[in-house]
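Participant: Provided below for reference: sequence and predicted model.
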Amino acid sequence: MQKRKCIIYVRVSTEEQKKGYSLNAQERIDRDFAASLGYEVIKVFREEGISAKDLNRPQLQALIKWTRENAAKVDALIFWKWDRISRGTEYDYAILGRFFDECKITPLSVTECNEDSPEGELLRWITKGTNLYERRKISQRTSMGMEQKAREGIIPCKAPIGYINFTQPDEKKIIVIDPKNAPFVKKAFELYATGNYSFKRLGDTLYLDGFKHPKTGEKFPPRKFEWMLKNSFYIGQITYKGVIYEGKQEPLISKDLFYQVQSMFGHKKPKTHDIIFPYTNMIKCECCGKHNLSAEMKRGAHNSGEYIYYRCHCGVKAIRQEELEKTFIEMLEDIYIPPSEIELMKSEAKEVLQAIKEYENSLESPVEMQKKIEQIKNRIKKSYAEKLDGNLPYGMTDTEWGELNQQWASELNKLEARLEERKEKSKILYNKLSLIMAFCNQLPELFRLAEPQVKREIIQTCIRTLSYNGETLKIELFPIFYKLKYWEKVKNGAGSGIRTHAYRNHNPRP
């Protein structure tokens, strides 16, 4: 007589394995059970670390596929308990029932009733109901535990980009700033706050700086930046089931910068184009006092083209960009620099350049700072390798090692921030000085022909504050430019009176 054949399915979740329900233990029990019934085991499917809440499991799906292809060779499926196969709904059991009937195999539980009778079927349904109840209780307990962790300020999931999950020597898990990616996250917030970057442009810019997806090595997609810029985890908060809690992680972004970025989103999804709006985030709204005006592009009626407006989220009337630029050009046309002052300015500019050069020479050079950064990075990398190899210095504890690495990471963050600040400050000083030299009585024409970013720099160079109340645009110049306006009045014989620039908005709200 030919011996009957069976296959075995074993499964554990992580917690169950800790309780002793290991894969090896289940397989041994299942094989003993098969032998007692006279079955020959021809294949074993092992599922590790996966819940039975549904049927979408790699090894279970492989079992179903293999059995359908080899149904003539299999008489039974043996498992320890029904909850190894499923803790799901009645629908899942219906799918399994059709599978067993289709392949003409008998499901056999080692520890539960397998009797082919009304009583046996009743007991199996009771077992399945109990399994479903247990799964829901496990889910409830897990949810309660995660909520409690959130209340304690601990994120119950993987840390976002810019942070890393770290296990301390006492097995306690914490979240610390990632020295590699944190500077890129900071820069993403700072660049987006300027109003000149779309999500796509952020990805392109930061990719060139070395910000790459850890798995693919490619650029981060635009949707990743939208999620990142809206995530309050970076200011020390965590959100669980819609409730915000104060987290224990160190904030990566200041609250001022975070909420400045949030104010730019408004109630609509940000545009993903690469158009630079020169005056975004420069004009203060006097009506609400909370926000700066942000740009918005709209298409005019009857195919009249696209228009750029600047508006506040509080609902104040919008200003069209061409009207803003008309006002700025009028303001610039009032500025005049006498020839004698131009020569003086050139002379003083040389002195300023020399002073900047001497000041920079007195500071630690960017090359030296970069060298220190690389030294610390190599030190941290070597330290982790020694830790993994068990080669810590004699007498050093794991706690002391962790504190030392935290100290190095903090020093690395400060150095990288100083280097970036140094580069940015030098760039701003030279750019503004160059602009002032180019201003000499050509401001209106320079402004008309300038690229959006240059227009923004010209306005920032001349104007101290811009504010808007729904009707009037108020402009406060830096003192030097009031003096230049005075010279323009004297040249034209108009005395010392200075006209105040203001734009009155007569356009209907778009």
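Facilitator: That came through fine. Residues are numbered from 1 along each chain as shown.

Participant: Helices of the stretch 251-400 of the chain, residue ranges please.
Facilitator: 255-265, 321-333, 339-362, 366-389, 398-439 (DSSP state H, counting those that start in this stretch).

Participant: isn't there a strand covering F33?
Facilitator: No - according to DSSP: H, G, I helix; E, B strand; the rest coil, F33 belongs to no strand; its state is helix.

Participant: tell me the pLDDT at it?
Facilitator: We have a pLDDT of 90 for F33.

Participant: what's near enough to touch the closest residue to it other than its chain neighbours?
Facilitator: Excluding the flanking residues, the one nearest F33 by CB to CB, 6 or more residues apart in numbering is V110, at 4.5 Å. C-beta coordinates here come from the backbone N, C-alpha and C atoms, glycine included. Residues in contact with V110 (CB atoms under 8 Å, 6 or more residues apart in numbering) are I29, D30, F33, I78, F79, W80, K81.

Participant: from those, which would you call buried?
Facilitator: Among the contacts of V110, those classed as buried by neighbour count (16 or more other CB atoms under 10 Å) are I29, D30, F33, I78, F79, W80.

Participant: Now, the residues you listed that are in strands?
Facilitator: Using DSSP state E, the members of the buried ones among the contacts of V110 that fall within strands are I78, F79.

Participant: Including distance to Y309, could the buried ones among the contacts of V110 go into CSV?
Facilitator: Formatted as CSV, those follow (distance: CB to CB, whole Å):
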residue, distance to Y309
I29, 73
D30, 71
F33, 75
I78, 71
F79, 66
W80, 67
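
Participant: and which of the buried ones among the contacts of V110 is nearest to G470?
Facilitator: Distance to G470, by CB to CB, is smallest for F79 among the buried ones among the contacts of V110, at 71.8 Å.

Participant: so what's the closest one up against?
Facilitator: Neighbouring residues of F79 by CB under 8 Å, 6+ apart: I8, Y9, V10, D30, I85, P107, L108, S109, V110.

Participant: And W408, how far from Y192?
Facilitator: To Y192, W408 is 30 Å away according to CB to CB, to the nearest Å.

Participant: Doesn't T216 lie inside a strand?
Facilitator: No - counting by three-state DSSP, T216 falls outside a strand, being coil.

Participant: Confidence-wise, which helix or strand of this structure is lowest on average?
Facilitator: Between all helices and strands in the chain, the lowest mean by mean pLDDT, DSSP states H and E belongs to strand 502-504, at a mean of 49.

Participant: Could you list the low-confidence segments of the stretch 251-400 of the chain?
Facilitator: Scanning the stretch 251-400 of the chain for pLDDT under 70 picks out 266-275, 299-305, 336-366, 384, 387-390, 392-395.

Participant: Go again with 80.
Facilitator: Within the stretch 251-400 of the chain, the set of residues satisfying pLDDT under 80 comprises 263-276, 290, 296-306, 332-370, 373, 376-400.

Participant: Give me the neighbour count for the closest residue to F265 other than its chain neighbours.
Facilitator: Residue nearest to F265 in three dimensions, not counting chain neighbours: K230, with 7.1 Å by CB to CB, 6+ apart. When counting by other CB atoms under 10 Å, one arrives at 13 neighbours for K230.

Participant: Can you tell me how far K230 is from V261?
Facilitator: According to CB to CB, K230 and V261 sit 8 Å apart.

Participant: what sits against Q61?
Facilitator: Here Q61 is in contact with L55 (CB under 8 Å, 6+ apart).
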